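Engineer: predicted model and sequence below, questions to follow.
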Protein chains: 2
Amino acid sequence: MFHRPKPPRTAAPFPRRRQLQRSTIRCMPVTMKDIARDLGVSVVTISKVLRNHDDISEETRKRVLARVKELNYRPNLAARGLVTGHTYLIGLVVPDLLHPFFAEVAKSLSRVLLKKGYYLIISSSEEDEELEAREIDQLLGRSLDALVIASSCLTRDILRGIEEHGTPYVLIDRRFAGTPANYVGVDDEAVGVLATEHLIEMGCRRIAHLRGPENSPGVERLKGYRDTMAKHNLPILPNYVSEQRTVDVQSRESGAESMRQLLALKPRPDGVFCYNDPMAMGAINSILESGLKVPEDIAVIGSGNIHYAPLLRVPLSSIDQHTEEIGERAARLALALVEAKTPPRPKSIVLQPSLVVRASSSKTRIKPRTQEK
Amino acid sequence: MFHRPKPPRTAAPFPRRRQLQRSTIRCMPVTMKDIARDLGVSVVTISKVLRNHDDISEETRKRVLARVKELNYRPNLAARGLVTGHTYLIGLVVPDLLHPFFAEVAKSLSRVLLKKGYYLIISSSEEDEELEAREIDQLLGRSLDALVIASSCLTRDILRGIEEHGTPYVLIDRRFAGTPANYVGVDDEAVGVLATEHLIEMGCRRIAHLRGPENSPGVERLKGYRDTMAKHNLPILPNYVSEQRTVDVQSRESGAESMRQLLALKPRPDGVFCYNDPMAMGAINSILESGLKVPEDIAVIGSGNIHYAPLLRVPLSSIDQHTEEIGERAARLALALVEAKTPPRPKSIVLQPSLVVRASSSKTRIKPRTQEK
DNA sequence: TTGAAAGCGTTACCAG
DNA sequence: CTGGTAACGCTTTCAA
């Protein structure tokens, strides 16, 4: 009936032997306990020294620090996180790391977070909804402090699990209709407007659009394009909006394919606004292959302003989305969420895009050879 | 003198209240304890069900699973890792995520690992030795199962801490002289040979080299270049090997700058082998800016065969390093290390590079317009 | 088939 | 200033 008093822990029968059977033989790293035993102090003391508590004598502190350095001790952050409920780990989910847009976001995000002592754990969904769900599950299981997501999902279902779990999150690039969420992205309708206005100004009249997926950037850029065409009383000819809605992962190939279909139309377009830069690269390829010229026969503009856009076969005009700033803002927003005592009101940050003109859309005869960079 | 027996834990005074003060008010996720209390079983039972132990009655199993699903319970992987000593987390350290080579490696690595239930945690050192050391420290503190590293360090010092800590690791792309380590990369000397032989075959005689950093790829590619020039009795003219040894992060700019210096030399080179593709892109830019033509006046070849090489202003000849395979092999090697009971002998995997000819080096008059892709 | 106890490496709390 | 104790959420062991 009575519980036997635990024997004092210090009197363990095999003091230097780990009791639990580990799966590997590999020797474990140094722990506080090791140092404590070594120095004849308690683990608490070690812990305090390491976290700069000021209720430790200078002498003890010195001894501890010396031994810590000597043994190259590293605190186990997982264990620490377990106790404090704070892991200093922030998750990032993107559709494709190879896509320069997301690589750039990851980079600027990471830079800001690192400065504050946070660490980024990145996950690529390959634009696959199911994989994304699994990866987010994994991430939630690792008790991150926050999550930054460029979701490949078309519905907000994915968010429910995250909210239930209680991990704060920031959406980037793509958002969902419905209840507001923390979001950082570009004004996608403005992207469509800017691109289309520019092509019109360059003298294009039969402007086609290689559209993106059914997510918010895809839909809103399309809307910007449609509205602008309407505003200028320009018709959108049949099949001038590419039907396939493929994904970021294979943008270039899909851009090439859609462009081929557009080229078969008559009359054929004299300008194309592409959902993103990789699609535009594919489109340009198809146009050149067919023997036509860019921009003389067909002007092309993309979006994203990827860093090598100026160096392409035909330097690519694009809509700059302020990629770096998206990462920075998302990082700051995420940090604010983590540090907030109580979940603050969702905040939506929408950046204004800007036009970058290069050769692929400059229908003037004097094509600048090296316009920038 | 005697320790008071602990009161039985089940008789805690405030059963539904967490005792520990967390830094945030945010409600904590569901735990096994919650489910156990809920169902009137022990946490052990829950734990066993979740890990498919077969000593649980079908009925209990069903009840548990139902509740688990209902509450959307996710096991805390950090806590699990603490006990099992196995986190299913593998770290990747690269100099620059924006560099397509490393992005591609990350992608293929992640793909293989994910299939086996492992998760990749990526870290970009920005080609900064000190930052790299800090990041590796962080990673080690998170008790990863293994580490994959493309180190920006020139010496193997960084490895000591890792070995002391006992985390198995695989080097990729760059290796260190001295004791053998697990490594996956391309035969860099062969890269230099292949590139130089090709330029010679194209009729170049005054071949320059925009060299990389003082790490193994940089040094070995340089050696391949030197040896090949010697073999063909071709002189390496003064200053024909660019002196700056800048880094991957700013390759393009550094390539452009070095090329400008080469152009000022007389005689000027008629062929350039660049350490990597971004440098080659910068070099081509400088050449075109100076009014000369690629490849007619100066042929250029890079290394890495980045995916957009065919789409550049001048489609870029390159040495393919089998980037994807590097990632795959590194993943498999890392998994082997994790699963090994005892550390196996270090294994070095060296892939043979292959030549990809495009316009930037085809000195024949008939330049193929679209050679591939 | 079930679960109490001990332990993973750390921090919070509080009594000395 | 110091350190014992309990706790974080989980798994392992072993007795019932």
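Structural biologist: Everything's here; your move. What you see is a predicted model, and the numbers here were worked out from it, not measured in a lab.
Engineer: go ahead and confirm residue A:205 touches residue A:232.
Structural biologist: No - using C-beta atoms under 8 Å as the test, residue A:205 is too far from residue A:232 to be in contact (9.0 Å). All C-beta atoms are positioned from the backbone trio N, CA, C, and that covers glycine.
Engineer: so where do the strands sit in the stretch 51-200 of chain A?
Structural biologist: Remark: strands of the stretch 51-200 of chain A, listed N- to C-terminal, are A:89-94, A:119-124, A:146-149, A:169-172, A:183-186; assignment by DSSP state E, counting those that start in this stretch.
Engineer: in contact with residue A:261, which residues are there?
Structural biologist: By C-beta atoms under 8 Å, 6 or more residues apart in numbering or on different chains, the contact set of residue A:261 is A:239, A:242.
Engineer: from residue A:240, how far off is it?
Structural biologist: With distances defined as C-beta to C-beta, to the nearest Å, the gap from residue A:261 to residue A:240 amounts to 11 Å.
Engineer: where does the prediction get shaky in chain A?
Structural biologist: Per-residue confidence for chain A (pLDDT under 70) gives these ranges: A:1-27, A:244-249, A:364-373.
Engineer: domain-wise, how is it divided?
Structural biologist: Chain A breaks down into these domains under automatic domain parsing: A:82-186+A:323-352, A:188-320+A:355-365.
Engineer: out of the ones you listed, nearest to DNA strand D?
Structural biologist: For these, distance to DNA strand D was read as C-beta to the nearest atom of the strand. The smallest value, 3.6 Å, belongs to domain A:82-186+A:323-352.
Engineer: show the end-to-end separation of that closest one, please.
Structural biologist: Terminal residues of domain A:82-186+A:323-352 are spaced 41 Å apart (C-alpha to C-alpha, to the nearest Å).
Engineer: right, is it up against DNA strand D?
Structural biologist: Yes - with C-beta under 7 Å from any atom of the strand as the threshold, domain A:82-186+A:323-352 lies in contact with DNA strand D, specifically through A:82-83.
Engineer: specify the beta-bridge partners of residue A:271.
Structural biologist: Using DSSP bridges, the beta-bridge partners of residue A:271 come out as residue A:207, residue A:299.
Engineer: surely it meets residue A:208?
Structural biologist: Yes - using C-beta under 8 Å, residue A:271 is in contact with residue A:208, at 7.3 Å.
Engineer: beta-bridge partners for residue A:124, please?
Structural biologist: For residue A:124, the beta-bridge partners are residue A:94 (DSSP bridges).
Engineer: show me where the stretch 251-373 of chain A has its helices.
Structural biologist: According to DSSP state H, counting those that start in this stretch, the stretch 251-373 of chain A carries its helices in the segments A:251-264, A:277-289, A:323-339.
Engineer: need the winner for burial among those helices.
Structural biologist: Compared across these, helix A:277-289 shows the largest average neighbour count, a mean of 26 (mean count of other C-beta atoms under 10 Å in any protein chain shown).
Engineer: higher neighbour count, residue A:271 and residue A:208?
Structural biologist: residue A:208 (30 against 24; other C-beta atoms under 10 Å in any protein chain shown).
Engineer: just list the residues touching the more buried one, thanks.
Structural biologist: Under the criterion of C-beta under 8 Å, 6+ apart, the contact partners of residue A:208 comprise A:237, A:240-242, A:262, A:269, A:271-273.
Engineer: residue boundaries of the helices in the stretch 1-150 of chain A?
Structural biologist: Under DSSP H, counting those that start in this stretch, the stretch 1-150 of chain A gives helices at A:32-39, A:43-50, A:58-71, A:77-84, A:100-115, A:129-141.
Engineer: now these as JSON lines including distance to chain B and mean neighbour count?
Structural biologist: Output for those, formatted as JSON lines (distance: least, C-beta to the nearest C-beta, whole Å; neighbours: other C-beta atoms under 10 Å in any protein chain shown):
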{"stretch": "helix A:32-39", "distance to chain B": "13", "mean neighbour count": "17"}
{"stretch": "helix A:43-50", "distance to chain B": "12", "mean neighbour count": "18"}
{"stretch": "helix A:58-71", "distance to chain B": "9", "mean neighbour count": "14"}
{"stretch": "helix A:77-84", "distance to chain B": "4", "mean neighbour count": "17"}
{"stretch": "helix A:100-115", "distance to chain B": "5", "mean neighbour count": "22"}
{"stretch": "helix A:129-141", "distance to chain B": "4", "mean neighbour count": "19"}
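Engineer: pull the distance from stretch A:97-110 to the chain's centre.
Structural biologist: Between the mean C-alpha location of stretch A:97-110 and the chain-wide mean there is a distance of 6 Å, by C-alpha atoms, centre = their mean, to the nearest Å.
Engineer: and the gap between residue A:76 and residue A:120?
Structural biologist: In this structure, residue A:76 lies at 20 Å from residue A:120, with C-beta to C-beta as the measure.
Engineer: neighbour count winner among these two?
Structural biologist: Set side by side, residue A:76 and residue A:120 give different neighbour counts by other C-beta under 10 Å, the larger being at residue A:120 (24 against 21).
Engineer: for that one, name its beta-bridge partners.
Structural biologist: Residue A:120 has these beta-bridge partners by DSSP bridges: residue A:90.
Engineer: hmm, residue B:120 and it touching each other?
Structural biologist: No - using C-beta under 8 Å, residue A:120 and residue B:120 do not qualify as a contacting pair, with a distance of 11.8 Å.
Engineer: keeping just the C-alphas, turn stretch A:134-145 into CSV.
Structural biologist: Taking Å, rounded to 0.1, in the frame of the first residue of the first chain, the C-alpha atoms of stretch A:134-145 are listed here in CSV:
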residue,chain,number,x,y,z
ARG,A,134,2.9,15.7,-43.5
GLU,A,135,5.7,18.1,-43.2
ILE,A,136,3.7,20.6,-41.2
ASP,A,137,2.7,17.7,-38.9
GLN,A,138,6.4,16.9,-38.4
LEU,A,139,7.2,20.5,-37.7
LEU,A,140,4.4,20.9,-35.2
GLY,A,141,5.7,17.8,-33.5
ARG,A,142,9.0,19.5,-33.0
SER,A,143,7.4,22.2,-31.0
LEU,A,144,8.6,25.2,-33.0
ASP,A,145,8.2,28.7,-31.7
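Engineer: number of residues surrounding the nearest residue to residue A:195 once chain neighbours are set aside?
Structural biologist: Once its chain neighbours are removed from consideration, residue A:195 has its nearest residue in residue A:273; the separation is 4.3 Å (C-beta to C-beta, 6 or more residues apart in numbering or on different chains). Burial measure for residue A:273: 35 neighbouring residues, criterion other C-beta under 10 Å.
Engineer: what sits against residue A:273?
Structural biologist: Contact partners of residue A:273, counting by C-beta under 8 Å, 6+ apart, are A:192, A:195-196, A:199, A:207-210, A:221, A:225, A:301.
Engineer: which ones among those residues lie within helices?
Structural biologist: Secondary structure defined by DSSP state H assigns A:192, A:195-196, A:199, A:221, A:225 of the contacts of residue A:273 to helices.
Engineer: what sits closest to residue A:227 if chain neighbours are left out?
Structural biologist: Skipping the residues right next to it in sequence, residue A:227 comes nearest to residue A:193 by C-beta to C-beta, 6+ apart, at 6.9 Å.
Engineer: contacting residues for that neighbour?
Structural biologist: A:224-225, A:227-228.
Engineer: do the same with residue A:271
Structural biologist: If a contact means C-beta under 8 Å, 6+ apart, then residue A:271 has A:199-200, A:202, A:204-208, A:298-301, A:361 as its contacts.
Engineer: show me just the buried residues among the residues you listed.
Structural biologist: Applying 16 or more other C-beta atoms under 10 Å in any protein chain shown to the contacts of residue A:271, the neighbour count classes A:199-200, A:202, A:204, A:206-208, A:298-301, A:361 as buried.
Engineer: mind listing residues that contact stretch A:129-147?
Structural biologist: A:81, A:85-93, A:118, A:121, A:123, A:125, A:149, A:151-154, A:158, A:161-162, A:165, A:167-170, A:334-335, A:337-338, B:29, B:74-78, B:89, B:114, B:119.
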